[in-house]
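J.: compute the structure for the input listed below.
(chains A and B)
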Amino acid sequence: MKISNIFNRRNRILLRELVVTDFKLRYQGSVLGYFWSLLKPLMLFAIMYVVFVHFLRFGQDVPHFAVSLLLGLVLWTFFTEATNQGMQAIVGRGDLIRKINFPKYIIVISATVSALINLLLNLVVVFIFMIFDGVDFGWSALLFPFTVLIIYVFSLGLAFLLSAVYLKYRDVAHIWEVFLQGLFYATPIIYPLQMVMGIGSQFAAQILMLSPIAVLFQSARAQVVGHDNVITADQVFSNPLYLAIPYLIIVGVIVLAALYFKRNQAKFAERV
Amino acid sequence: MSDRDDNRQNAVVVTDLKKAFRLPHENHSGLKQMIINFTQRGRKKGYEVQQVLKGVSFEVKKGDFFGIVGRNGSGKSTLLKLLAGIYTPDSGAIRTNGSIVPFIELGVGFNPELTGRENVFLNGALLGFSRDEMKEMYNEIIEFAELERFMDQKLKNYSSGMQVRLAFSIAIKAQGDVLILDEVLAVGDEAFQRKCNDYFDKIRRDKTKTVILVTHSMESVRKYCNRAMLLQEGRVEFIGNPDKIADEYSGLNLLQSPKKLDVKKKGPELSAKITSKPLLHPTDTLEVEIRYRALDEKPVFAKAYIDLDGQAIMATNPMLLGWKTMVTNDTKEHVARYTLPLNDFNKGEFKVIALLEDVETKVNIASFGYEGETVIKVENPDKTSRGGIFINQATMELKK
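T.: The predicted structure follows:
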């Protein structure tokens, strides 16, 4: 498989058809249709806001925490959607794989692209909220798309790895579900990182910021709501070597995923 | 016609293709089985290996209508999936010249919630056609399917016949160099089948189209194919003339029809075995071996007849013929031989029935063959006298 072939004409057409079909079918038969992909994160946000910000008073002294929370939730929704749908992609399209030969990675990519389209729609809503919240966008906001891109590539890598492993060991779905639940609370989404630091545990904050997701989410937030309002990895670690760890994890996951998927894809049709 | 004399271009060349599968004993897609497999390294694993293709080689020329036949489990589908690139071979090679359009199943990826039109384009994309290429084929496809009025309706509102017609039309109108079809020749109602028949007749003569067809229908093999291959237990048994292949295949099915012996039944033992080929021509002689063992010392004899749908069409009774030496009166095992030159037979499938008759009471005390244990098939390669069970000796003339 040559890199230049990954997105040749045939594969682009197939990817497009699969994504369009997926999108057409997703909200089939629901009155509000596509609006659900916007409404769901907003409703989740409403719940989180009422529980954690209104009652538990998380992030009271952090400027723009509400929109930060919204952005975090939208990114998290994307991460779970992309990895879960990606994981199920190969098994879910088993009937196709057994009867027709086409590049298997297209299925995984199409599953994550659907989630990516949702994310982009949601981000429009987030930015509207931010404008109302009086967020002052700086030049660093231009870096935001790159951070989103890294989040996407990381999710895609995980999706590749999970989809291939899931085919062999269905246990992965349960493990991943629990792992995501844990990761949700281990990522500063519903609470600001200032809170962790405020309790006086620099060490706890350092542990949290070893996670690629936490680092990327904090960067994404800092880039739009301002570095003064969000604590990023470089403010937690004094030794810059630690800053590399999350990125090494990302690269490691992608390399592992590419190798494992490539080695196993020829046997997908027999195993699925 | 040997392959070497034929200098047409090859469309598909398969050399020494092998493929094995691991068959898990039970659901092994769990951590438990992984741990068991790991800890019991070298010992019994949770799967066994089944060698499906044991070295298959053949060539398909450009313009061929190539038939692949074989009994269930002979490896046809695996071979087809290898040709279609769905499976990868363990060893051996498949070289193809031109694009392959495989239809392992009709309507792969059809979604009931999409309209007919959307499904055509999705199916096309899966087969590797672009939107523009599909647009060119689109009108022909729906015209052939006779579904012009329904294309904007959801597929779930189609009747099953309509769905099959649409899928089938995509299959045969898809513009590929090599078309692979798995058992999908007869779909739709009679009118549509006639249309398909005409179309295949056209393709058969079209020397630019190559078709590889897997089927159980010997009629299709004889009608459409110019070459065919018989697979048996993962090997190529015969390759060449489709009529010969169809004969061999029918013979294979006769040979392996179930042989059930009712062991619990009390009575004399009687069994029969066809010792000639079960598939015969009028020039052949049918040979049957009848074994029996009586329960007591009453005189008995064996007899046989040829049965067609419950009617004895040719009976041989040693007593009536005066063959007194056929009678035995002990409890030893005896073997009787029955031979019948078939020169009066034209074609048909018959049962050979063996009976054991009691000389005194003239009652049949045992029978064998009613369950289809001993079936023969007669075929006449001489096409001039087709039709009828017996060879036609009649003459006709116009008197007035």
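J.: enumerate every residue touching residue 121.
T.: You didn't say which chain, so I picked chain A. By Cβ atoms under 8 Å, 6 or more residues apart in numbering or on different chains, A:Leu121 lies in contact with A:34, A:37-38. (Glycine included, C-beta is placed from N, CA and C.)
J.: oops, chain B please
T.: Neighbouring residues of B:Phe121 by Cβ under 8 Å, 6+ apart: A:17, B:131, B:134.
J.: before we move on, the earlier item: which members of the contacts of A:Leu121 occur in helices, if any?
T.: Counting by DSSP state H, these place A:37-38 in helices.
J.: and the helices in the stretch 101-250 of chain B, which stretches?
T.: B:116-127, B:131-145, B:160-173, B:190-205, B:218-224, B:242-255 (DSSP state H, counting those that start in this stretch).
J.: in the shortest one, what's buried?
T.: So that's helix B:218-224. Buried residues in helix B:218-224, defined by neighbour count with 16 or more other Cβ atoms under 10 Å in any protein chain shown: B:218, B:220-221, B:223-224.
J.: between these, which is nearest chain A?
T.: The nearest member of the buried residues of helix B:218-224 to chain A, counting by Cβ to the nearest Cβ, is B:Ser220 at 21.3 Å.
J.: does the closest one really touch B:Val69, like I thought?
T.: No: contact criterion Cβ atoms under 8 Å: B:Ser220 and B:Val69 do not qualify, at 9.5 Å.
J.: so where's the chain shaky on pLDDT?
T.: You didn't say which chain, so I picked chain A. Counting by pLDDT under 70, the ranges of chain A that qualify are A:1-6, A:200.
J.: could you do chain B instead?
T.: B:1-7, B:25-34, B:36-46, B:184-187, B:254-266, B:383-386.
J.: show me how the record splits it into domains.
T.: What automatic domain parsing lists as the domains of chain B is B:3-253, B:269-385.
J.: chain center to the shortest one: distance?
T.: In other words, domain B:269-385. Put simply, domain B:269-385 sits 28 Å off its chain's centre (Cα atoms, centre = their mean, to the nearest Å).
J.: tell me the contacts of the nearest residue to A:Ser163 once chain neighbours are set aside?
T.: In space, and not counting its chain neighbours, A:Ser163 is closest to A:Ile90: 4.5 Å by Cβ to Cβ, 6 or more residues apart in numbering or on different chains. Shown in contact with A:Ile90 (Cβ under 8 Å, 6+ apart): A:97, A:104, A:107-108, A:163-164, A:166-167, A:268, A:272.
J.: what of B:Leu342?
T.: B:280-286, B:378.
J.: 7 Å instead?
T.: B:280, B:282, B:284-286, B:378 (Cβ atoms under 7 Å, 6 or more residues apart in numbering or on different chains).
J.: and those as CSV, adding secondary structure, distance to chain A and neighbour count?
T.: As requested, the contacts of B:Leu342 are exported to CSV (DSSP: H, G, I helix; E, B strand; the rest coil; distance: Cβ to the nearest Cβ, whole Å; neighbours: other Cβ atoms under 10 Å in any protein chain shown):
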residue, secondary structure, distance to chain A, neighbour count
B:Leu280, strand, 40, 23
B:Pro282, coil, 44, 19
B:Asp284, coil, 43, 17
B:Thr285, strand, 48, 11
B:Leu286, strand, 45, 22
B:Val378, strand, 40, 20
